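Chemist: Need a 3D model of the following:
(one chain, ligands or ions: 1)
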Amino acid sequence: MEPSKATYEQLVSQNEELKIQLEEANDTIDAIRTGQIDALIVNDGDGHQLYTLKTADQTYRVFIEKMNEGAVTINQQGLILYANTSFAGLVGLPLEKAIGIKFHSFIADDARELFDRVIAGAWQDDCKEEIQLVGQNGKLTPCLLSCNTIDLDEGVALSLILTDLSILKETENQLKIRNQQLAAAHQATEKLNNELEDTVRARTKELFVSREHFKYLANNIPQMTWTNTPKGEFDYYNQQWYDYTGLSLDETKNMGWKLALHPDDLNRTVEKFRSSLKTGEIFEVENRYKRGSDGAYRWHLNRAVPLRNENNEIVFWVGTATDIEERKKEMERKDEFIGIASHELKTPLTSLKGYLQLISAYKKDELPPVVKQYVEKANNSLNKLQRLINDLLDVSKIQAGKLEYGFARVDIAELVKNCSENARLIHPDTNFIIHDGSNYIVIANAERLEQVLMNFINNAVKYSPQNKDVIIETSLNGNNVRVAVTDFGIGLSAVQKERIFERFYRVEDKKYMTSGLGMGLYICAEIISYHNGTIGVESEAGKGSTFYFELPLVED
Ligand code: ADP
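Modeler: Below you'll find the model as predicted:
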């Protein structure tokens with residue numbers, strides 16, 4: 001028990017001594033820092049040494065104590081004679097512990113060689129170098145080390161100023177990262193830019209090829225062609241336009257194209273064109289353009305169709321003018337021929353009919369049955385021929401604008417009744433279903449309306465080889481009376497529907513080819529138009545058709 005007691009007492013006294021030393025050390029350090037003393041004794045292993053602080057100016061020491069940089073003074077053995085609070089903070093030690101130890105111990109192992117070299121040189125010349133300080137907890141702090149020699153009474157010492165470069169380094173690092181990011185972004189932008197340039201180049205080339213393609217095509221078709229903006233300004237004419245009209249680009253521009261139009265066709269053309277620009281519907285009109293070389297006006301069929309983008313907005317219009325002068329003349333010759341031929345045929349037909357009547361009336365009872373039968377057959381054929389000739393005459397009258405007739409009050413119910421009775425006689429195999437309304441009165445020509453309705457009925461029977469039902473229906477549509485004939489036959493395609501009322505138009509389907517000249521519906525359309533009514537068809541191929549006309553009702 002004795003030794004341990006002695007040891008304890010020893011320890012207590014040692015501790016007391018150490019406490020006193022520590023207090024003394026603290027006092028000394030404070031005194032140095034505040035400039036109260038100018039010298040101190042350091043135990044550097046070789047015994048105690050006295051160091052006096054030559055520049056023991058109080059003001060400077062306070063200044064050094066307060067500065068942000070670490071300030072250290074080392075002797076030739078590298079021992080720290082003095083360090084300020086900032087330095088202690090840098091290396092993570094209490095100030096009193098930083099003094100008296102080797103500065104070397106705060107340098108990272110792999111940087112010691114460089115540090116030694118710098119310090120060795122610093123005794124000769126002031127110098128600066130970047131070093132890494134290692135703190136107590138192993139934390140590395142990048143610092144700029146500035147070395148200056150100072151003369152102390154006991155010999156030369158080195159003053160080291162350490163500027164913490166952590167923030168600078170961090171900023172530099174951030175800057176580097178930002179620069180790298182910037183470089184990457186720049187590279188990406190450049191790549192994108194290059195790709196864009198490539199695309200633009202390719203598109204420009206495509207556009208050029210497509211424009212040249214269009215020009216080549218446009219200049220090598222027989223028609224005159226043009227394009228115009230959605231507002232209707234013309235921005236391109238092909239070579240044929242200039243060749244035909246003899247107009248220059250300047251003369252054609254800004255509505256100058258009107259110069260080439262026949263004055264009688266001008267209003268009609270401009271009106272139709274304006275209406276198409278407004279509605280977006282295909283522009284189609286027949287008019288005459290003046291040929292520059294001889295001043296002759298030639299008929300042209302003008303058509304312009306709008307080109308739309310993915311939003312269905314019109315981007316531009318493409319128009320063509322096709323020379324139909326020869327076709328027109330041919331039609332005129334045909335009409336003339338039809339007119340003359342039907343007229344010429346009418347006279348012998350009338351006398352033939354007369355003779356047949358005479359034959360059937362002559363000694364009526366004595367006529368052998370077979371002759372009676374022949375006379376009846378001849379009469380049927382003559383009636384067919386007469387209908388055909390009448391149609392031909394109607395067509396030529398329409399063409400000459402001479403199909404005229406008088407109007408009177410017509411009861412639609414009576415008209416339907418007459419026609420259905422007639423139809424049942426002619427087509428005994430067909431099942432006619434009548435849906436008639438009340439007594440609708442219209443102002444019309446009864447004979448001509450019967451002609452229209454009979455045409456609808458005859459066609460319904462003719463173009464329904466399988467289904468024998470035909471519905472005749474009268475109804476009201478607003479202020480109009482509507483008469484419709486529905487069949488369940490071969491029907492019409494959308495394209496056929498569009499052209500069905502044209503002169504001489506017939507559906508060219510060999511499967512269902514029947515006799516006819518394609519005049520009936522054309523005449524019907526003309527008759528209904530003469531009555532200020534509307535004619536139309538609803539149909540689906542293979543399902544059947546409904547042909548109808550509508551006329552304004554008379555208000556009593
Ligand atoms: P056609 O004398 O040739 O019958 P139309 O002018 O009366 O002359 O008719 C023109 C064409 O319209 C016909 O050739 C036929 O192809 C078609 N057509 C007319 N009516 C019908 C219908 N009810 N169903 C189907 N096609 C029809």
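Chemist: Show the backbone phi and psi for the closest residue to K397 other than its chain neighbours.
Modeler: Distance criterion C-beta to C-beta, 6 or more residues apart in numbering; nearest residue to K397, sequence neighbours excluded, is L403 at 4.1 Å. Glycine gets a C-beta too; all of them are placed from N, C-alpha and C. Phi and psi for L403, reported as degrees, to the nearest 10, are phi -90, psi 90.
Chemist: L403 contacts L393, doesn't it?
Modeler: No: L403 lies out of contact with L393 (C-beta atoms under 8 Å); the separation is 9.1 Å.
Chemist: residue ranges for the strands of the stretch 151-300 of the chain, please.
Modeler: 155-164, 224-228, 234-237, 283-290, 297-308 (DSSP state E, counting those that start in this stretch).
Chemist: Against which helices or strands is the second one packed?
Modeler: I take that to be strand 224-228. In terms of contacts (3 or more C-beta pairs under 8 Å, 6 or more residues apart in numbering; DSSP states H and E), strand 224-228 is packed against strand 234-237, helix 239-245, strand 314-323.
Chemist: Tell me the bridge partners for Y237.
Modeler: Y237 has these beta-bridge partners by DSSP bridges: W226.
Chemist: Pull the contacting residues for it.
Modeler: Residues near Y237 by C-beta atoms under 8 Å, 6 or more residues apart in numbering: 224-226, 249, 252, 257.
Chemist: Contacts only, for the closest residue to the ligand within the stretch 201-350 of the chain.
Modeler: Closest residue of the stretch 201-350 of the chain to the ligand, C-beta to the nearest ligand atom: I338 (14.5 Å). Residues near I338 by C-beta under 8 Å, 6+ apart: 392, 395-396.
Chemist: so which of those residues is the most crowded?
Modeler: Among the contacts of I338, the one with the most neighbours (other C-beta atoms under 10 Å) is V395, at 23 neighbours.
Chemist: and it, that's in a helix?
Modeler: Yes: counting by DSSP: H, G, I helix; E, B strand; the rest coil, one finds V395 located in a helix.
Chemist: Tell me who's in contact with it.
Modeler: So V395 contacts 335, 338, 503, 519, 522-523 (C-beta under 8 Å, 6+ apart).
Chemist: ok, and the most crowded of those residues?
Modeler: That'd be I523 among the contacts of V395, by other C-beta under 10 Å, with 23 neighbours.
Chemist: Could you measure from that residue over to L453?
Modeler: In this structure, I523 and L453 are 13 Å apart, going by C-beta to C-beta, to the nearest Å.
Chemist: Can you classify L90 as helix, strand or coil?
Modeler: helix.
Chemist: W123: which of the helices and strands packed on strand 224-228 is closest?
Modeler: Proximity to W123 (C-beta to C-beta) singles out strand 314-323 among the helices and strands packed on strand 224-228, at 85.8 Å.
Chemist: and the residue of the stretch 251-400 of the chain found nearest the ligand, how far is that from G516?
Modeler: Going by C-beta to the nearest ligand atom, the ligand is nearest to D391 of the stretch 251-400 of the chain, at 8.1 Å. Remark: distance between D391 and G516 (C-beta to C-beta) = 10 Å.
Chemist: again with N287
Modeler: Counting by C-beta to C-beta, the gap from N287 to G516 is 32 Å.
Chemist: and if you look at W241?
Modeler: According to C-beta to C-beta, W241 and G516 sit 41 Å apart.
Chemist: the more surrounded of these two?
Modeler: Set W241 next to G516 and count neighbours by other C-beta under 10 Å: W241 wins out with 23 against 15.
Chemist: check contacts around the more buried one.
Modeler: Contacts of W241 by C-beta under 8 Å, 6+ apart are 224-226, 247, 252, 321.
Chemist: which ones are touching D116?
Modeler: Applying C-beta under 8 Å, 6+ apart, the residues contacting D116 are H104.
Chemist: tell me which element it is part of?
Modeler: Assigned by DSSP states H and E, D116 belongs to helix 112-122.
Chemist: where are the low-confidence patches of the chain?
Modeler: Applying pLDDT under 70 to the chain flags residues 1-6, 25-26, 28-59, 509-514, 556.
Chemist: Burial check on V134, number of neighbours?
Modeler: The tally of other residues near V134 (other C-beta under 10 Å) stands at 17.
Chemist: err, L266, not the other one
Modeler: As a burial measure, L266 scores 12 neighbours (other C-beta under 10 Å).
Chemist: Look up the closest residue to it, ignoring the ones flanking it.
Modeler: Once flanking residues are discounted, L266 sits nearest to K258: 6.2 Å by C-beta to C-beta, 6+ apart.
Chemist: just R503 next, same as before
Modeler: Spatial nearest neighbour of R503, excluding adjacent residues (C-beta to C-beta, 6+ apart): Y522 at 4.4 Å.
Chemist: And that neighbour, how close does it get to V285?
Modeler: According to C-beta to C-beta, Y522 and V285 sit 20 Å apart.
Chemist: does the closest residue to A446 other than its chain neighbours count as helix, strand or coil?
Modeler: Using C-beta to C-beta, 6+ apart and skipping the chain neighbours, the partner closest in space to A446 is V410 (4.8 Å). Assigned by three-state DSSP, the conformation of V410 is strand.
Chemist: ok, now I150?
Modeler: With three-state DSSP as the basis, the three-state label of I150 is strand.
Chemist: How many residues are close by the nearest residue to it once chain neighbours are set aside?
Modeler: With sequence-adjacent residues excluded and distances taken as C-beta to C-beta, 6+ apart, I150 is closest to S159, at 4.8 Å. S159 has 19 neighbouring residues, counting by other C-beta under 10 Å.
Chemist: before we move on, what about S493?
Modeler: 13.
Chemist: What parts of this protein come near the ligand?
Modeler: For the chain, the residues found near the ligand under the criterion C-beta under 6 Å from any ligand atom are 455, 459-460, 463, 487, 489-490, 492, 500, 505-507, 516-522, 545.
Chemist: Among those, the buried ones, what's the ChimeraX command?
Modeler: Of the residues of the chain next to the ligand, the buried ones can be selected in ChimeraX as follows, counting by 16 or more other C-beta atoms under 10 Å:
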select :455,459,460,463,487,489,490,492,500,506,507,519,520,521,522,545
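Chemist: Select from the residues of the chain next to the ligand every entry located in strands.
Modeler: 487, 545 (DSSP state E).
Chemist: Look at E502 and tell me its secondary structure.
Modeler: coil.
Chemist: mind listing what it touches?
Modeler: Going by C-beta under 8 Å, 6+ apart, the list of residues near E502 reads 518, 522.
Chemist: what's the nearest residue to Y82 if we skip its chain neighbours?
Modeler: Counting by C-beta to C-beta, 6+ apart, T73 is the residue found nearest to Y82 once chain neighbours are left out, at 4.2 Å.
Chemist: Just list whatever residues bridge to that neighbour.
Modeler: Under DSSP bridges, the beta-bridge partners of T73 are Y82, S159.
Chemist: what do you get for T163?
Modeler: The partner list for T163 in beta bridges (DSSP bridges) reads L144.
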